[in-house]
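Predicted model, plus sequence, below.
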Amino acid sequence: MVSALEISKLLNGELIGNKDTVIRSVSKIDQGHPESLTFLANPKYTNFIYETKASVVLVGKGFKSSVPNHITLIKVDDPYASFCLILDKFFNNKSALAGIEQPSFIAPDATLGKEVYIGAFAYVGSQVQVGDGTLIYPQVYIGSNVKIGKNSIIYPGVKVYNQCIIGDNCIVHAGTVIGSDGFGFAPQKDGSYAKIPQIGNVIIEDDVEIGSNCSIDRATMGSTIIRKGVKLDNLIQVAHNAEVGKNTVIASQTGVSGSTKIGENCVIGGQVGFVGHISIAKGSQIGAQSGIPNSIDTPGQKWIGSPVQEYKNYLRSSIVVKRLPDMDKKLDELEKEVEELKKKLKGE
């Protein structure tokens, strides 16, 4: 339970309404209920603020409309970011996990920090280092010589192969595999393939979140690198020796081929495919289902399509594509007219 006044002070916001309003939960603005807090960040949901039964609504500082008397407004710079902060501080039901559950295996030469949690049936290999406050859920496999930083969360069923490194404040969701072999095979004269040993590792820097059932392959040599602040959705493949730049976000089902370098602060939609050995400029925004066959060198541009093209060109092309059936029909008519003219000229 928290009061509107406490929330306003925490957010350094402007309170309009009853400062003693009590909040016990949060809600979507269109599903608000008494004693809940919600937010208005997208203008297309503005009509709901006049109908919501929520008690407190976070709005932008430019919001000027009057609202029903039961609503207390708190004006802030960024309603969405402020709502996330309130969620984390007051409503994030983090489990109070601590200690080492049995049965589990921890190698005698592994080093565990303070307040580390190891869940049942977890495996922690030789010379593993785990930082303070890190949670390792049940059925996690941590291979030898792995390093995991402070206050990270490794959810059930995650597999971290040997020699990989995970930084501080990282979250790895269930079923993800970090450090499996890269897809490296050498074709032989008889048509078979010889496996190329994958002797590198994966480095995941601080503040990274990786969704469920992702695969991040170890490098052939050197490291596959996920830079600080990267957010990966579920079901993403990052191949050997690839690099994802700082604060880049990637949506579900995207595949990054080997040795491709994605710059910092990129936004990549779902089901995007990158060929190998290319580079993507920082700040690139790539729409869903795009195919990227070549490097993108210009920073901060929007791209979409397969093969990919600049967003504005794609929109123009889309208009032309929609007109193709009519254009084809007109072309047939013109061809018939030309044939008729030819016959007339020949005196037929």
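Received the coordinates, thanks.

contacts and neighbour counts: CA atoms only from here.
Fine.

just checking, what packs against the helix ranked longest in the chain?
Counting residues, the longest helix found in the chain (DSSP state H) is helix 311-345. In terms of contacts (3 or more CA pairs under 8 Å, 6 or more residues apart in numbering; DSSP states H and E), helix 311-345 is packed against strand 302-304.

Which of the helices and strands in this protein ranks last by mean pLDDT?
helix 311-345 (a mean of 84; mean pLDDT, DSSP states H and E).

gap between Thr176 and Leu232?
11 Å (CA to CA, to the nearest Å).

cool, and Ile49?
33 Å.

quick one, which of the two is more surrounded?
For Ile49 versus Leu232, neighbours defined as other CA atoms under 10 Å are more numerous around Leu232 (26 against 22).

Let me see the contact set for that one.
Contact analysis of Leu232 by CA atoms under 8 Å, 6 or more residues apart in numbering lists 209-211, 249-252.

so where's the stretch 201-348 of the chain uncertain?
347-348 (pLDDT under 70).

how does this structure divide into domains?
If you go by automatic domain parsing, the domain ranges for the chain are 2-91, 158-307.

Spit out the residues that contact Thr176 and Leu232 alike.
Common contacts of Thr176 and Leu232, defined by CA under 8 Å, 6+ apart, comprise 210-211.

related to what we said a few turns ago, would you mind finding the most buried of the domains of the chain?
Counting by mean count of other CA atoms under 10 Å, domain 158-307 has the highest mean neighbour count of the domains of the chain, with a mean of 21.

First-to-last residue distance for stretch 142-156?
12 Å.

Ok, stretch 237-252 next?
Note: stretch 237-252 ends 9 Å apart using CA to CA.

cool, and stretch 166-173?
Termini of stretch 166-173 sit 13 Å apart (CA to CA).

mind checking how far that stretch is from the chain centre?
14 Å (CA atoms, centre = their mean, to the nearest Å).

Point out where the stretch 51-200 of the chain drops to low pLDDT.
Checking the stretch 51-200 of the chain against pLDDT under 70 turns up 93-95.

Report the beta-bridge partners for Gly255.
Gly255 has the following beta-bridge partners by DSSP bridges: Gln237, Gly273.

Pretty sure it sits against His240.
No - Gly255 lies out of contact with His240 (CA atoms under 8 Å); the separation is 11.6 Å.

related to what we said a few turns ago, the domains of the chain into JSON lines, with extra columns for distance to Leu112?
JSON lines is the format used below for these (distance: least, CA to CA, whole Å):
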{"stretch": "domain 2-91", "distance to Leu112": "26"}
{"stretch": "domain 158-307", "distance to Leu112": "14"}
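
Looking at the ones you listed, which is nearest to Leu334?
domain 158-307 (32.0 Å; CA to CA).

gap between the two ends of the closest one?
With CA to CA, one end of domain 158-307 sits 34 Å from the other.

quick revisit: among the contacts of Leu232, which are located in strands?
Under the assignment DSSP state E, the contacts of Leu232 contribute 209-210, 249-250 to strands.

Now do the helices in the chain.
Going by DSSP H, the chain shows helices at 4-11, 79-86, 311-345.

What is the second one packed up against?
I take that to be helix 79-86. strand 36-39, strand 56-60.

next one: the first one
Under the contact criterion of 3+ CA pairs under 8 Å, 6+ apart, the helices and strands touching helix 4-11 comprise strand 14-16, strand 72-76.
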